[in-house]
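*Asks:* Requesting a structural model of the entry that follows:
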Amino acid sequence: MQMPITNNRYLAIDRFHQLFQQGKFRSRIATLFGSNGHLLDFEEYQPYLQDTRHYDGVQQIPIEHIKGSVGRVADFDNTFRPLKKYLLERWVAIALIWEQSGWPAIQVYRLGEDYFVVDGHHRVSVARALGIRFIDAEVWEYDLRPNTRSWRVLPGEIRLSLTTACECGD
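*Replies:* Residues are numbered from 1 along each chain as shown. Predicted coordinates:
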């Protein structure tokens, strides 16, 4: 069923298209510089994490600390601009829901100080587009495996320090 075009719906569609074009452009530029410009992939970090996670409850988290995704790394760029046209209807619906009643908390995994979205990618994208700085999230935290020494956080991205205690002579 086609939704009626209202002024707010039209504005949300227009904003989606702006972000989509910006995201595609930034992805092309990133490719020129040897990056894909996508979100960080939680799967790449799993070998360094303990198998169990612990629940930290619902918290307000800074959107700027949301760096990655569980399973949807190619759908959004690293600032949650949509990269796929099929995201339009859901994105617009989420924008209109925010206007009327707000959203439920997103679900994230915390690694160090940064977060990976499990559920709520569209909500994060719309929130960033609206300039919202914090979002409610159900937070699950993973700890590093005992033989992984520490997180090393570099500007804008999470990196693991893969130096282990045995390699350091500790």
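*Asks:* before we move on, what SS does the nearest residue to residue 141 once chain neighbours are set aside have?
*Replies:* Counting by CB to CB, 6 or more residues apart in numbering, residue 141 lies nearest to residue 110, which is 4.4 Å off, once chain neighbours are set aside. The C-beta positions use only the backbone N, C-alpha and C, and glycine is treated the same way. What DSSP: H, G, I helix; E, B strand; the rest coil gives for residue 110 is strand.
*Asks:* Can you tell me how far residue 110 is from residue 53?
*Replies:* Distance, residue 110 to residue 53, by CB to CB, to the nearest Å: 9 Å.
*Asks:* Then residue 27?
*Replies:* Taking CB to CB as the measure, residue 27 falls 31 Å from residue 53.
*Asks:* Same drill for these two, tell me which one is more crowded.
*Replies:* Between residue 27 and residue 53, counting by other CB atoms under 10 Å, residue 27 is the more crowded of the two (19 against 14).
*Asks:* Ends of stretch 59-71, what's the gap?
*Replies:* This stretch, stretch 59-71, spans 22 Å end to end (CA to CA, to the nearest Å).
*Asks:* Could you list the residues in contact with it?
*Replies:* Contacts to stretch 59-71, defined as CB atoms under 8 Å, 6 or more residues apart in numbering, come from residues 39-43, 75-76, 78, 80, 108-109, 113-118, 121, 124, 127-128, 132-137, 139, 156-158.
*Asks:* what do you get for stretch 29-41?
*Replies:* The contact list for stretch 29-41 (CB under 8 Å, 6+ apart) reads 26-27, 67-69, 72-74, 76-78, 80, 83, 116-117, 157-158.
*Asks:* And that stretch, what's buried?
*Replies:* By 16 or more other CB atoms under 10 Å, the buried positions in stretch 29-41 come out as 37-41.
*Asks:* Check stretch 84-98 too.
*Replies:* Within stretch 84-98, the residues scored as buried using 16+ other CB under 10 Å are 87, 91-92, 94-96, 98.
*Asks:* Just name the closest of these to residue 11, please.
*Replies:* For those, the minimum distance to residue 11 (CB to CB) is 8.4 Å, reached by residue 95.
*Asks:* so the closest one is in which element?
*Replies:* Assigned by DSSP states H and E, residue 95 belongs to helix 88-101.
*Asks:* Which elements pack onto that helix?
*Replies:* Helix 88-101 sits against helix 7-32, helix 121-130, with contacts defined as 3 or more CB pairs under 8 Å, 6 or more residues apart in numbering; DSSP states H and E.
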